[in-house]
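Enquirer: can't give you the sequence, but here's the structure:
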């Protein structure tokens, strides 16, 4: 594995340690908690959340909802949010924004594998 990939993997390990012991893990079974970290919630969203989405997602130009990769302003906000939430030192270059979960899976696979490695994964069922 090349040194850049190894450094990236080593830099990500503290997040997994944090997640395993984070307050999030102890709250996930409480009633009224909607877990948006990993998964697809089946509960109705909180009305205040919906109101915030309505207020802040009104398009301001024709390409407003187009796919944008690694928008510098969005990356900076994500890194700051992760710093605030985890207490870890996240940098803008630690963030790779994609056009959705499928793109993130592809980035993660490329990060931890090398040419010739065999990777087996299930296609997401919602495509079928």
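Expert: Sure, I can see it. All values derive from a computational prediction rather than experimental measurement.
Enquirer: quick check: longest helix of this protein.
Expert: Looking across the chain with DSSP state H, the single longest helix is helix 3-21.
Enquirer: for this protein, what helix or strand is lowest in average pLDDT?
Expert: Lowest by mean pLDDT, DSSP states H and E among the helices and strands of the chain is helix 23-27, with a mean of 67.
Enquirer: now the element after it, going C-ward?
Expert: Following helix 23-27 in sequence order, the next helix or strand is helix 47-56 (DSSP states H and E).
Enquirer: show me how far that next one is from its chain's centre.
Expert: Relative to its chain's centre, helix 47-56 lies at 20 Å (C-alpha atoms, centre = their mean, to the nearest Å).
Enquirer: name the helices or strands packed onto it?
Expert: Contacting helix 47-56 under the criterion 3 or more C-beta pairs under 8 Å, 6 or more residues apart in numbering; DSSP states H and E is no other helix or strand. C-beta here means a position set from N, CA and C on the backbone, and glycine is covered the same way.
Enquirer: in it, which residues are buried?
Expert: Residues of helix 47-56 include none that count as buried (16 or more other C-beta atoms under 10 Å).
Enquirer: for it, give the mean pLDDT please.
Expert: The average pLDDT within helix 47-56 is 91.
Enquirer: after it, next one along is what?
Expert: As assigned by DSSP H and E, the chain's next helix or strand after helix 47-56 is helix 72-86.
Enquirer: relative to helix 3-21, how tilted is the very next helix or strand once past that next one?
Expert: Of the helices and strands lying after helix 72-86 in sequence (DSSP H and E), the nearest is helix 101-112. In terms of direction (axes from the mean of the first three to the mean of the last three C-alpha atoms, to 10 degrees), helix 101-112 departs from helix 3-21 by 120 degrees.
Enquirer: residue ranges in the chain under the pLDDT threshold?
Expert: Counting by pLDDT under 70, the chain contains low-confidence ranges at 1, 24-29, 33-43, 100, 122-128.
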